[in-house]
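Student: okay, structure incoming, though there's no sequence with it:
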DNA sequence: TCGTTAATTAGCATTTATGTTAAACAGTGA
DNA sequence: TCACTGTTTAACATAAATGCTAATTAACGA
């Protein structure tokens, strides 16, 4: 269910990453709106949205002929959870790094 | 500097993701140790480590003939920061979802 | 029903990613 | 110096990702 590599794979493409960021700030949007400002073709956009959907990052619902896409908050939370699971690692490491820098400062 | 898609791309491969998880729990390791248990060839491993290095996810240092790799904590923190930047989005959305579920429960 | 709008699917070309084996390079220690 | 260990680079094959145009599907509204 929570396949991190698959989530990361979906977000590894700059176009898709931009789509996700846009949907998070603007909320649910139809395909045509998502495509606004982008130079990408409609079929290419459709496939990008499908990749995001397959990874569970976006939801899709119909409204007349339109298809409305939105970011699924659980997806972002899954990534957040992963970083928090390793928080001890990066917090401790960063603390040590900071301390080392402090020592360097003192020397001068 | 903080190219999220590039970070995600490096983590999108299951082999590389496993390497990163292992390095975070076990700490700095030489290539041979990282390769232990994996069926992957040495050259393939070398390239995976190079991808992680290029993305800024791991550091590399020499010790005799060995090359020791370790996860750079800043990389994980960068991802954590990204999720936190959008925290309002997923926290609020999840709260609404939870509330909706509550309403459903009441109906029964 | 028919034309229009919105989006997806099909088919194809090109690039990028991944894996393998063989060869090269660098440091160690006899 | 020479053989050994550890790792990377080279060369190549194959699979997967991405983009395009053309065709198809679905819903709306005159």
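Tutor: Looks like it arrived, so ask away. The structure presented is a predicted model; accordingly, all values stated were derived computationally and were not measured.
Student: hey, which helix or strand in chain A has the poorest pLDDT?
Tutor: helix A:87-107 (a mean of 86; mean pLDDT, DSSP states H and E).
Student: got the residues of chain A near DNA strand C?
Tutor: A:30-32, A:42-43, A:45-47, A:49-50, A:60, A:65-67 (Cβ under 7 Å from any atom of the strand). (Each C-beta comes from the backbone N, C-alpha and C, glycine too.)
Student: make it 10 Å
Tutor: A:5, A:9, A:12, A:29-36, A:41-50, A:53, A:60, A:62-69 (Cβ under 10 Å from any atom of the strand).
Student: pull out the buried members of those.
Tutor: A:5, A:9, A:12, A:29, A:34, A:35, A:45, A:48, A:49, A:67, A:68, A:69 (16 or more other Cβ atoms under 10 Å in any protein chain shown).
Student: can I get those in TSV with secondary structure?
Tutor: Listed next are these as TSV, based on DSSP: H, G, I helix; E, B strand; the rest coil:
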residue	secondary structure
A:5	helix
A:9	helix
A:12	coil
A:29	strand
A:34	helix
A:35	helix
A:45	helix
A:48	helix
A:49	helix
A:67	strand
A:68	strand
A:69	strand
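Student: remind me which residues of chain A are low pLDDT?
Tutor: Residues of chain A that meet the criterion pLDDT under 70 lie in A:1, A:108.
Student: follow-up on the earlier one: give me the subset of the residues of chain A next to DNA strand C that also touch chain B.
Tutor: Contacts with chain B within these, as defined by Cβ under 8 Å from any Cβ of the partner chain: A:5, A:9, A:12.
Student: which residue is the nearest non-sequential neighbour of the last one?
Tutor: What that stands for is residue A:12. residue B:9 (3.6 Å; Cβ to Cβ, 6 or more residues apart in numbering or on different chains).
Student: so what's the residue count around the closest residue to residue A:23 other than its chain neighbours?
Tutor: The shortest distance from residue A:23 to any non-neighbouring residue, by Cβ to Cβ, 6+ apart, is to residue A:71 (4.6 Å). A total of 24 residues lie near residue A:71 under the criterion other Cβ atoms under 10 Å in any protein chain shown.
Student: phi and psi next, for residue A:71.
Tutor: Backbone torsions of residue A:71, given as degrees, to the nearest 10, read phi -70, psi 140.
Student: that one pairs with what?
Tutor: residue A:58 (DSSP bridges).
Student: just checking, it touches residue A:26?
Tutor: No: applying Cβ atoms under 8 Å as the test, residue A:71 and residue A:26 come out as separate, 10.1 Å apart.
Student: now check the helix or strand containing residue A:22, is it near DNA strand D?
Tutor: If you go by DSSP states H and E, residue A:22 is part of helix A:14-26. Yes: using Cβ under 10 Å from any atom of the strand, helix A:14-26 reaches DNA strand D at A:14, A:15, A:16.
Student: out of these, who has the most neighbours?
Tutor: Of these, with other Cβ under 10 Å as the count, residue A:16 tops at 23 neighbours.
Student: for residue A:31, see how far away that one is.
Tutor: When distance is defined by Cβ to Cβ, to the nearest Å, residue A:16 is 14 Å away from residue A:31.
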